[in-house]
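> show me how the following folds:
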Amino acid sequence: MKKFLIVVSAILLVCNLVFADKSEQILSKVQKKYKTIKDVTAEFVQNITFAVSKMEQSFQGSLIMKKGNKYRIEMDQQTIVTDGKTVWSYSHPNNQVIIDKYKEDPKSFSPDRVLINVPQNFNTIFIGDEKLFGKKTAVIKLTPKESRSLIKAMKVWIDLDDYLMRKIEITDVSDNVNLYLINSIKLNTGVSDNIFKFEIPEGTDTIDLR
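Take a look at the predicted model:
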């Protein structure tokens, strides 16, 4: 019996190593793809499930991103814009905009890191293949190496045709779950820098924290 358990343990270890290797190979291709991207325009759906209340919220939005920490997120109730120096967060229901300096935080998860690129410093394992939007995707689980990370775990669904992420599931340390479905992606369309400047509507309550 003892020998049998040792053999089973050895088989499981080999399987885990193979899956880990496969996840690293796939993510390497994702990183290679990312290096060719200058700008991105994407449509997405975000679903949030709160662990304590079990309440769910769903939002539709669009993302325009350009290298250099520039992005613009448009949703029904909120617009977030940054040119890499200044961040504008505009609440449509409150007609209020908060202006602040852009801060590079390695622990934060900006659209650049969440919706387009796979974060660094994560342990990875290949879970399996799955059909999504009629396409074959590889499902990979990521767990942070940093014990103080705000993220408990991530799962990403990677299109095996173009090596772009089509679905991301993020579980935070409070067990709240953020799920992103990326419906469409356009790459390198020549996005203008003017898009990453926010024109404050007349009559808006402005809070400047710079």
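
> ok, Ser89 to Val52 distance?
25 Å (C-beta to C-beta, to the nearest Å). In short, each C-beta sits where N, CA and C put it, glycine included.

> quick one: which of the two has more around it?
Between Ser89 and Val52, counted using other C-beta atoms under 10 Å, the more crowded position is Ser89 (17 against 8).

> what ranges does this structure have for its helices?
Along the chain, counting by DSSP state H, helices occupy 2-35, 111.

> tell me where this structure has strands.
39-49, 56-66, 70-75, 78-82, 86-91, 96-101, 122-132, 135-144, 151-159, 165-172, 177-187, 205-208 (DSSP state E).

> spatially nearest residue to Asp175 (excluding sequence neighbours)?
Using C-beta to C-beta, 6 or more residues apart in numbering and skipping residues adjacent in sequence, the residue nearest Asp175 is Ala51, 3.7 Å away.

> count the neighbours of that neighbour for me.
12.

> buried set for stretch 122-136?
Using 16 or more other C-beta atoms under 10 Å as the test for burial, stretch 122-136 gives 122, 124-126, 132.

> could you dump the strands of the chain to CSV with mean pLDDT?
Below are these laid out as CSV (pLDDT from 0 to 100):
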stretch, mean pLDDT
strand 39-49, 92
strand 56-66, 91
strand 70-75, 92
strand 78-82, 93
strand 86-91, 95
strand 96-101, 95
strand 122-132, 89
strand 135-144, 91
strand 151-159, 91
strand 165-172, 91
strand 177-187, 91
strand 205-208, 95
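
> who wins for proximity to Lys32 among the ones you listed?
Lys32 lies closest, by C-beta to C-beta, to one member of the strands of the chain: strand 151-159, at 12.4 Å.

> paired strands for the closest one, with orientation please.
strand 135-144 (antiparallel), strand 165-172 (antiparallel) (DSSP bridges).

> what does the longest one contact?
Going back to what we said before, that points to strand 135-144. Contacts with strand 135-144, where a contact means C-beta atoms under 8 Å, 6 or more residues apart in numbering, come from 22-23, 26-27, 118-119, 121-131, 151-161, 166-167.

> the last one too?
Residues from elsewhere that reach strand 165-172 (C-beta under 8 Å, 6+ apart): 30, 109, 114-116, 118, 132-133, 135, 137, 150-159, 177-182.

> between it and strand 177-187, how big is the angle?
Per axes from the mean of the first three to the mean of the last three C-alpha atoms, to 10 degrees, the angle that strand 165-172 makes with strand 177-187 is 150 degrees.
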